[in-house]
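# kindly generate the corresponding structure for this input.
(one chain, ligands or ions: 3)
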Amino acid sequence: MAGVEIKLLGTGAGPGVPAFFCECAACREARTNPSAARTRSTALLTMDDKGVLIDASPDLRVQLCREGIQDIHTVFLTHWHHDHFAGLGELEYYLRLKDKGRRLPIYLPPGYTGEFTSTFCRLIDVVDLREWEYGRRYDFGMTSVILLRANHGIETGGVLIEAGKKLAYFPDTSWLPEETLLSLQGIDYLVCDATFYGENWYPDTHMSVAEAIELGKRVGAGQTILTHLSMHYSSPVTVEELNRELAGLDGVLASYDGLKVELY
Ligand SMILES: [Zn+2]
Ligand SMILES: [Zn+2]
Ligand SMILES: [Zn+2]
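Ligands and ions are numbered 1, 2, ... in the order given. This is a model prediction of the structure:
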C-alpha cells in the first residue's frame, strides 16, 4: 500500500474567513494575507490515486481547482449542514462531462436520502446514494473509513481513518460521546472542531480551541490539529496570534487550507 494521505481542503467554520460581513481583526488579516484565509471544511483522503471526499463545502470548486484534483471516487458526508454539503451541486458537471457512465457513490448520514433528493434532484441519475452506518468499516484496499458518533445537534459522524496510522476527523462536534472517546484512545492524529476562540457560544454543538486541545490530551492523541476555525466571535484571533500561542504547546497545530497528513 503506497501513498495514503489526507488533505484538509478547507479549515474554516460556516462563515469562512474572511466572512463577507465581518470586519474583525481575523477577517482583516485574511483580506490582506490570503494564506490566513479559510474556505469551509472539506477533506480529501487519497490512496492509490483514489480520492475520497469527506464533506463538500460551498467552496468545493475553488478547493479542487487550487489542489489540482481531477477525480473523485466516493463521497462521505459527516452531516447535513450547508457548510458541509452545499458543494455537492458542483459535482454535476464533473459527473456529466468527465466521469460518464459511473454513478458516484455518496454516503449520507442515516435518514438523509430524502433531504438529498429534494435538494439535488438534478443529481439523482448520476449518483449512487447510500446511508452510512455508525461503526461499520468501509474498506478501500488496506485503508478503512469508520463513522463514529459526534455531538452536533443533528445526526453527525466523525470519520476514523485507519491506514498505517490512525487519524480521526471531527470537523463539527461538541464533547464526544463515551463510545467514541474509547475508539480514539491513543490515536495518532485528532483533527478536531475548534470553532470558537475564548467563549464557546454553542457548547452543545461545537468546541473551542481550548476544549479541542483538552480533548486531544484526554484521548492521548499524538497530534491535535485544530480545524473548523471561525477565528471570529467574542475574541477574534489572528493566525499570527494563534500560532504564537500554540507554539508553546506540544503536539498541537492550527490547521490551514491545504494541510496534508501522510498516513502511510
Ligand atoms: Zn460546519
Ligand atoms: Zn471576522
Ligand atoms: Zn455542522
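# point me to the residue of the stretch 51-200 of the chain nearest ligand 2.
The stretch 51-200 of the chain approaches ligand 2 most closely through Tyr197 (11.0 Å), counting by C-beta to the ion. The way it works is simple: take the backbone N, C-alpha and C, and place the C-beta from them, glycine included.
# tell me the SS of the residue nearest to that residue when sequence neighbours are not counted?
Sequence neighbours aside, Val237 is the residue nearest to Tyr197 in space, at 4.4 Å (criterion: C-beta to C-beta, 6 or more residues apart in numbering). Reducing the assignment at Val237 to three states with DSSP: H, G, I helix; E, B strand; the rest coil gives coil.
# what about Val237, distance to ligand 3?
Note on Val237: its distance to ligand 3, by C-beta to the ion, to the nearest Å, is 21 Å.
# same deal with Asp48?
For Asp48, the distance to ligand 3 equals 30 Å [C-beta to the ion].
# returning to that earlier point: surely the residue nearest to Tyr197 meets Met231?
Yes: contact criterion C-beta atoms under 8 Å: Val237 and Met231 qualify, at 5.7 Å.
# more crowded one of the two?
For Val237 and Met231, the more surrounded residue by other C-beta atoms under 10 Å is Met231, and the numbers stand at 33 against 24.
# now do the contacts for the closest residue to that one other than its chain neighbours.
Counting by C-beta to C-beta, 6+ apart, the nearest residue to Met231 once its immediate chain neighbours are dropped is Ala26, at 3.6 Å. For Ala26, the set of contacting residues under the criterion of C-beta atoms under 8 Å, 6 or more residues apart in numbering consists of Val17, Pro18, Ala36, Met231, His232, Pro236, Val237, Thr238, Val239.
# and the third one, its phi and psi?
Spelled out, that is Ala36. Taking degrees, to the nearest 10, you get phi -90, psi 0 for the backbone angles of Ala36.
# give the contact list for it.
Counted by C-beta under 8 Å, 6+ apart, Ala36 has contacts Val17, Ala26, Glu29, Ala30, Thr238, Val239, Glu240.
# what do you get if the cut-off is 6 Å, keeping everything else the same?
With contact set as C-beta atoms under 6 Å, 6 or more residues apart in numbering, Ala36 has these partners: Glu29, Ala30, Val239.
# any quick PyMOL command for the buried ones out of these?
Under the burial definition 16 or more other C-beta atoms under 10 Å, those of the contacts of Ala36 that qualify are selected in PyMOL by:
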select buried, resi 29+30+239
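# before we move on, back to that, kindly present the contacts of Ala26 as JSON lines, with separate columns for pLDDT.
As requested, the contacts of Ala26 are exported to JSON lines (pLDDT from 0 to 100):
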{"residue": "Val17", "pLDDT": "97"}
{"residue": "Pro18", "pLDDT": "97"}
{"residue": "Ala36", "pLDDT": "97"}
{"residue": "Met231", "pLDDT": "93"}
{"residue": "His232", "pLDDT": "90"}
{"residue": "Pro236", "pLDDT": "93"}
{"residue": "Val237", "pLDDT": "95"}
{"residue": "Thr238", "pLDDT": "97"}
{"residue": "Val239", "pLDDT": "97"}
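# count of neighbours near Asp188?
The local packing count at Asp188 equals 17, with neighbours defined by other C-beta under 10 Å.
# hmm, it is touching Lys165, no?
Yes: with contact defined as C-beta atoms under 6 Å, Asp188 counts as touching Lys165 (4.2 Å).
# ligand 2 contacts on the stretch 151-264 of the chain?
For the stretch 151-264 of the chain, the residues in contact with ligand 2 (C-beta under 5 Å from the ion) are His232.
# point out where the stretch 151-264 of the chain drops to low pLDDT.
Residues of the stretch 151-264 of the chain that meet the criterion pLDDT under 70 are absent altogether.
# what residues does it put near ligand 3?
Of all the residues in the stretch 151-264 of the chain, those lying near ligand 3 are Asp172, going by C-beta under 5 Å from the ion.
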